[in-house]
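Chemist: Could you work out the structure for the sequence below:
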Amino acid sequence: GLRDLLSGMIAGFVCKIFEYPMDTIKVLQQTQPDITSSWDAVVKVQKHRGLMSLYQGLASPLVGSMLECSVLFVTFGYIKKMLRAEDDSLSSTVPAWKVWS
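Modeler: Below you'll find the predicted structure:
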């Protein structure tokens, strides 16, 4: 329901906020031969453009991540409800053959 939707949106937001700068650093390392390490990339970005430039272009991936995670959370909640497994038995360590038998 709404709880799953909001939880998924928050999860997508938090994940992308932490992941995006690291991905930007990775791309800089792959495309610029003068960058020798991740730390070197951070130092050069700070010197030339500022650290906030690591978040440049974040808007579209952020919306996509929030949408993806919210769909996953809502779908999981709906399937749990369909299987009448509201007691969280799907998230325990019970083997699948016992859950569906």
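Chemist: ok, longest helix in the chain?
Modeler: helix 2-31 (DSSP state H).
Chemist: okay, the most centrally placed residue in the chain: pLDDT?
Modeler: Closest residue to the average C-alpha location of the chain: C15 at 3.6 Å, with C-alpha atoms, centre = their mean. In this model, C15 is scored at 95, pLDDT.
Chemist: Could I get the phi/psi values of Q32?
Modeler: When quoted as degrees, to the nearest 10, the phi and psi of Q32 stand at phi -120, psi 110.
Chemist: ignore the last one, R49
Modeler: phi -130, psi -20.
Chemist: number of nearby residues for it?
Modeler: Neighbour count for R49, taken as other C-beta atoms under 10 Å: 11. Bear in mind the C-beta positions are built from the backbone N, C-alpha and C, glycine included.
Chemist: Okay, it and V27: tell me how far apart.
Modeler: Separation of R49 from V27 (C-beta to C-beta, to the nearest Å): 14 Å.
Chemist: And Y55, by the same measure?
Modeler: Relative to V27, and taking C-beta to C-beta, Y55 is found at 13 Å.
Chemist: hey, C-alpha coordinates of stretch 18-26 in CSV?
Modeler: The C-alpha coordinates for stretch 18-26 follow below in CSV (Å, rounded to 0.1, in the frame of the first residue of the first chain):
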residue,chain,number,x,y,z
PHE,A,18,25.2,7.6,-1.7
GLU,A,19,25.8,5.8,-5.0
TYR,A,20,25.9,8.6,-7.5
PRO,A,21,29.1,10.3,-6.5
MET,A,22,31.0,7.0,-6.4
ASP,A,23,29.7,6.2,-9.9
THR,A,24,30.8,9.6,-11.1
ILE,A,25,34.3,9.0,-9.7
LYS,A,26,34.3,5.6,-11.5
